[in-house]
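Trainee: missing the sequence, but the structure's below:
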Ligand SMILES: NC(=O)c1ccc[n+]([C@@H]2O[C@H](COP(=O)([O-])OP(=O)(O)OC[C@H]3O[C@@H](n4cnc5c(N)ncnc54)[C@H](OP(=O)(O)O)[C@@H]3O)[C@@H](O)[C@H]2O)c1
């Protein structure tokens, strides 16, 4: 373990241009933490692509090993909750943004960021889910806590072909919801139906410039991954007492909307932040992911790449061309 190990390090040059490269690191270079993990798998999220390419200001400490997700086996632990050989997941907090992350054969992280791998998931599946799956599940759990149930009516998922979108569709369909997938990709209708979407709605069918403060009410729940005009339209089309989980900004981080859905239809807009969601909710969500929320089509939505393929994999995310999830085989 003391010999140098492989890592994908993101750095900034003198002109503040951000980029990443495969290199080697010594154990001494790892950040502080109670738990040393031999990483088996990581994954790619939209945020990882923003971080690695510099397309978004994600990295808060340079240089930083990328990868906001990791799963693996404990090698050393100074915390009584973990012992060598334990299988664990570590996502969120500062991982891969201000603390060396999952794109390395070893990671050292604070024990408070580590989740024991729940029975019902293996280390590969944990990364097929990754932050995308955790966030989709957190959205579902928060909406249920707010009263959403299958009998309330349909649930719409925006950014449907993305990692979060596809997993949310699968989870909601498994729970018995009537799921409507909103997508820009007509060619992916069969893929989305295969995940459990009962209906497909194309973005091109909607004139987002002409959305009134309240439109015909359609959705009991909504998982929104895109923000902007689409979130305004989602809010305007919610049913009475409907619940929206605001997860992403793939289209736009701004919303220009009105208070009418809130004060005339009692709509709830729930903010979903996977990054700093603490325990016990974090454990509760992973336990559900290993149980009744475990997507039925996890294998179909996931492709696996080798560590050496990682540097070439990010641009497609920035161009919005990726479908489903990508697992990165690190040391498995
Ligand atoms: N809140 C949190 O804790 C958290 C956690 C994870 C991710 N996120 C955010 O959630 C969003 C989705 O993440 P992801 O990993 O699923 O990303 P992803 O795999 O890149 O998917 C994003 C999807 O959004 C749609 N889209 C992309 N550009 C768009 C545009 N300009 N206008 C409308 N739709 C567009 C596309 O789906 P269609 O073509 O099918 O519409 C795309 O596949 C991102 O904004 C990400 O940063 C937030």
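Mentor: Happy to help now that I have it. In this text, all values refer to a predicted model and were calculated from it rather than measured experimentally.
Trainee: isn't residue 301 right up against residue 166?
Mentor: Yes: the criterion here is C-beta atoms under 8 Å, and residue 301 meets it with residue 166 at 4.9 Å. Placement of C-beta: from N, CA and C, glycine included.
Trainee: Identify the contacts common to these two.
Mentor: Residues touching both residue 301 and residue 166 (C-beta atoms under 8 Å, 6 or more residues apart in numbering): 195, 323, 324, 325.
Trainee: Find the nearest non-adjacent residue to the closest residue to the ligand within the stretch 201-332 of the chain, please.
Mentor: Using C-beta to the nearest ligand atom, the single residue of the stretch 201-332 of the chain nearest to the ligand is residue 248, 2.3 Å away. Setting aside the residues directly before and after it, residue 248 is nearest to residue 225 in space (C-beta to C-beta, 6 or more residues apart in numbering), at 3.8 Å.
Trainee: Surely the one you found is in contact with residue 246?
Mentor: No: under the criterion of C-beta under 8 Å, residue 225 is not in contact with residue 246, lying 9.0 Å apart.
Trainee: out of these two, which sits in the more crowded spot?
Mentor: residue 225 (29 against 21; other C-beta atoms under 10 Å).
Trainee: neighbours of residue 208, just the number please.
Mentor: For residue 208, using other C-beta under 10 Å, the count is 12.
Trainee: Report the secondary structure state of the closest residue to it other than its chain neighbours.
Mentor: Closest residue to residue 208 apart from its sequence neighbours, by C-beta to C-beta, 6+ apart: residue 229 at 4.0 Å. Following DSSP: H, G, I helix; E, B strand; the rest coil, residue 229 is assigned to helix.
Trainee: May I have the residues that are in contact with residue 229?
Mentor: Residue 229 touches 208, 209, 211, 251, 252, 256, counting by C-beta under 8 Å, 6+ apart.
Trainee: can you check residue 249 too?
Mentor: 226, 227, 228.
Trainee: could you redo the last one with a cut-off of 10 Å?
Mentor: Residue 249 is in contact with 46, 56, 159, 224, 225, 226, 227, 228, 231, 255, counting by C-beta atoms under 10 Å, 6 or more residues apart in numbering.
Trainee: Would you agree the fifth one is in contact with residue 181?
Mentor: Which is residue 225. No: Residue 225 lies out of contact with residue 181 (C-beta atoms under 10 Å); the separation is 11.2 Å.
Trainee: Get me the contact residues on the stretch 101-250 of the chain for the ligand.
Mentor: 131-132, 135, 159-165, 183-185, 225-226, 247-250 (C-beta under 6 Å from any ligand atom).
Trainee: Any figure for the gap between residue 128 and the ligand?
Mentor: With distances taken as C-beta to the nearest ligand atom, to the nearest Å, residue 128 is found 13 Å from the ligand.
Trainee: Now do the SS call for the residue nearest to the spatial centre of the chain.
Mentor: Centrality entry for the chain: nearest residue to the mean C-alpha point is residue 132, 1.9 Å, by C-alpha atoms, centre = their mean. Judged by three-state DSSP, the three-state class of residue 132 is helix.
Trainee: Is the closest residue to residue 134 other than its chain neighbours part of a helix or strand, or is it coil?
Mentor: The shortest distance from residue 134 to any non-neighbouring residue, by C-beta to C-beta, 6+ apart, is to residue 274 (5.5 Å). Classification of residue 274 using three-state DSSP returns coil.
Trainee: How is the chain partitioned into domains?
Mentor: For the chain, automatic domain parsing gives the domain ranges 5-117+298-329, 131-271.
Trainee: Take these and lay them out in JSON lines including mean pLDDT.
Mentor: Below are the domains of the chain laid out as JSON lines (pLDDT from 0 to 100):
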{"stretch": "domain 5-117+298-329", "mean pLDDT": "96"}
{"stretch": "domain 131-271", "mean pLDDT": "97"}
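Trainee: Could you save those as JSON lines and add columns showing distance to residue 278?
Mentor: Formatted as JSON lines, the domains of the chain follow (distance: least, C-beta to C-beta, whole Å):
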{"stretch": "domain 5-117+298-329", "distance to residue 278": "8"}
{"stretch": "domain 131-271", "distance to residue 278": "12"}
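Trainee: closest one to residue 289 among those domains?
Mentor: domain 131-271 (5.1 Å; C-beta to C-beta).
Trainee: Distance from the chain centre to the closest one, please.
Mentor: 16 Å (C-alpha atoms, centre = their mean, to the nearest Å).
Trainee: Pull out the buried residues from stretch 106-120.
Mentor: For stretch 106-120, a neighbour-count test (16 or more other C-beta atoms under 10 Å) marks 106, 107, 108, 109, 110, 111, 113, 114, 115, 117, 118 as buried.
Trainee: can I assume the last one is in contact with residue 293?
Mentor: No: Residue 118 is not in contact with residue 293 according to C-beta under 10 Å; the separation is 11.2 Å.
Trainee: contacting residues around the closest residue to residue 247 other than its chain neighbours?
Mentor: Nearest residue to residue 247, sequence neighbours excluded (C-beta to C-beta, 6+ apart): residue 272, at 4.8 Å. Taking C-beta under 10 Å, 6+ apart, we find residue 272 in contact with 135-136, 138-143, 164, 223-225, 244-248.
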